[in-house]
Structure formats: C-alpha cells, structure tokens
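> sequence and predicted structure below; questions after.
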Amino acid sequence: MPLRDHFRPPVDTVVSWEGLHGQWPATIVQHLRRALPPGYTAAPRVHSGSQIEIDVAAYEKEDVPRNAEPSNGNGGATTATWTATAPTLTVETTLPDYDEYEVRVYDATRRNYLVAAIEIVSPANKDRLEKRNAFIGKCAALLQKGVAVSLVDLVTTRHFNLYTELLNFIGHSDPTMTAEPPHLYAASCRWVKKEKRTLLETWSHTLTIGQTLPTLPLWLTEEKVVPLDLEQSYEQACRDLWIA
C-alpha cells in the first residue's frame, strides 16, 4: 500500500498526524515481538513537547525574618554576600522541549541495556534551528553510546533532512543523497568497531508519497540484526486508525 500524506487533505481530515505518530510506535513494538530474538524487548516512548509554566513557590523558615542577615556566632553579621555583575546578555526565550515519537529496544539479559532506537520525526523536530539541533544532538549521543539509531521522516510540511544534518554534525556525508536532500526519508545508522577501526555505517532510503516503505536493518549487536519492516507496521497503524 502507498505512503500517504498525513499533513494535507484528504488524510488529515480523517486523522491528524499526531494520531499516526502516537499509534505507529506501539504498532512497531507489536511487530517486533515476532522478529526480536529471546532476551530482547521493545517499548514505545511518546512525548508531545510543550512549554509548561512551572509555578515555583518561595520557601521561608518561619523563625528567620526574610531580610535578616545570618549571624557569625559572635553576635555580629557575616561578611556581605558576593553579588554578581550585570549579565552580558538578557533575552526572552524558552528552553526547547522536543517531541519524542520512538521505539526503544533493550537487551533484557543486560538489565535492559538500550541497544537500538527508532525515531519517528515530527514537525516540531524539523521546526526551528534549536529544535533540530536538540533532535540531532540526541541522536548523536545515542550513536556515541553504541546505540543503533533508525530515523523515519514522513513530514511533508517542513523541508529539512535531519539524517543529512546528523551526518554533517558528526563530520560526514552520504554520497547517495543529492545536493537537495529529500525531506522524506528513512535511514538506519550505527557506529561499530571492526578490528582496530571504528566505522559509521548507514542505510538510507528516499521516501515518496504513493510508494511503499522500505525495510531497515535493526542492529542489536555488532553481528545480530533483525528486519524493521516499516511497510507492515505502517499499514497496520493506518488500518487501526481507519485511514483508507
């Protein structure tokens, strides 16, 4: 079955993209149960980023006046508290809170050691520069720890390629990508040690509306790999959401 555009009519009038992004990780987990060998588990992880205002209340001891100076024990006040100079920069901003639509795969025999992560890109991940940098930094940190990372991007409304930006971040490029990298793509990445060398290996695919999704390698160890059949799990998620 073909890939749909979940960000434009007629599909987005049936179910919003959040519906698919929320459903698909759970469906991937169901399909991985048939593919993962004994000793491995998978779990969905979904977090829709939002800016939450936190109300921090001031705590004061009842027996100490708010403006009282602490005593040095001899009846006198202690040395005045050090005061910082004026900041060199003051701007109104918020801390970036990025979306997470992912599946994490664990080795249960090593106390649920994280071995792989499947990241489904959201519009917010491709939004402002700081959001893209946060997402790329997260993926790079996972790779550095030896976690295999798969990226799946179905977002048609923002034309960035986070896979190529990730490679640029770690100092490499994919020769199969054109000068204008596609904004719909799927890729698997891993850093692996072979003999005395450390290699970055990637498997990338361009996605096209109306075409089927590929099968990516999901690496569990340096030698152990299972298929990540995106087409089957995607179609199952669409059926479950009544997307024709």
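Looks like it arrived, so ask away.
> now the helices for the protein?
For the chain, the helices defined by DSSP state H cover 17-32, 129-144, 162-169, 230-240.
> among those, which comes closest to residue 184?
helix 162-169 (10.7 Å; CB to CB). Backbone N, C-alpha and C define where each C-beta goes, glycine included.
> list the buried residues in the closest one.
By neighbour count with 16 or more other CB atoms under 10 Å, helix 162-169 contains the buried residues 162, 163, 164, 165, 166, 167.
> can you list these in JSON lines and add pLDDT?
What follows is those, written out as JSON lines (pLDDT from 0 to 100):
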{"residue": "162", "pLDDT": "97"}
{"residue": "163", "pLDDT": "97"}
{"residue": "164", "pLDDT": "96"}
{"residue": "165", "pLDDT": "96"}
{"residue": "166", "pLDDT": "96"}
{"residue": "167", "pLDDT": "95"}
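> reformat the residues you listed as CSV; add distance to residue 10.
Output for those, formatted as CSV (distance: CB to CB, whole Å):
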residue, distance to residue 10
162, 27
163, 29
164, 31
165, 31
166, 33
167, 35
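> among the helices of the chain, which comes closest to residue 105?
Using CB to CB, those put helix 17-32 closest to residue 105, at 7.1 Å.
> chain center to the closest one, what's the gap?
Taking CA atoms, centre = their mean, to the nearest Å, one finds the center of helix 17-32 at 14 Å from the center of the full chain.
> which strands and helices sit next to that helix?
strand 40-47, strand 100-107, strand 113-121, strand 225-229, helix 230-240 (3 or more CB pairs under 8 Å, 6 or more residues apart in numbering; DSSP states H and E).
> ok, which of these comes nearest residue 27?
Among the helices and strands packed on helix 17-32, helix 230-240 sits nearest to residue 27 (CB to CB), with 4.3 Å.
> and stretch 189-201, average pLDDT?
Stretch 189-201 carries an average pLDDT of 90.
> again but with stretch 204-214, I slipped
Here the average pLDDT along stretch 204-214 is 96.
> what would that stretch look like as PDB? C-alpha coordinates only.
The C-alpha trace of stretch 204-214 is given here as PDB (Å, rounded to 0.1, in the frame of the first residue of the first chain):
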ATOM      1  CA  SER A 204      19.400   5.300   3.700                       C
ATOM      2  CA  HIS A 205      16.200   5.400   1.600                       C
ATOM      3  CA  THR A 206      14.300   8.200  -0.100                       C
ATOM      4  CA  LEU A 207      10.500   8.000   0.700                       C
ATOM      5  CA  THR A 208       7.900   9.000  -1.900                       C
ATOM      6  CA  ILE A 209       4.200   9.600  -1.400                       C
ATOM      7  CA  GLY A 210       2.400   6.800  -3.200                       C
ATOM      8  CA  GLN A 211       5.300   4.300  -2.800                       C
ATOM      9  CA  THR A 212       5.800   1.600  -0.200                       C
ATOM     10  CA  LEU A 213       8.100   2.000   2.800                       C
ATOM     11  CA  PRO A 214      11.400   0.100   3.000                       C
END
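> distance from the chain centre to it, please.
That offset, for stretch 204-214, works out to 20 Å (CA atoms, centre = their mean).
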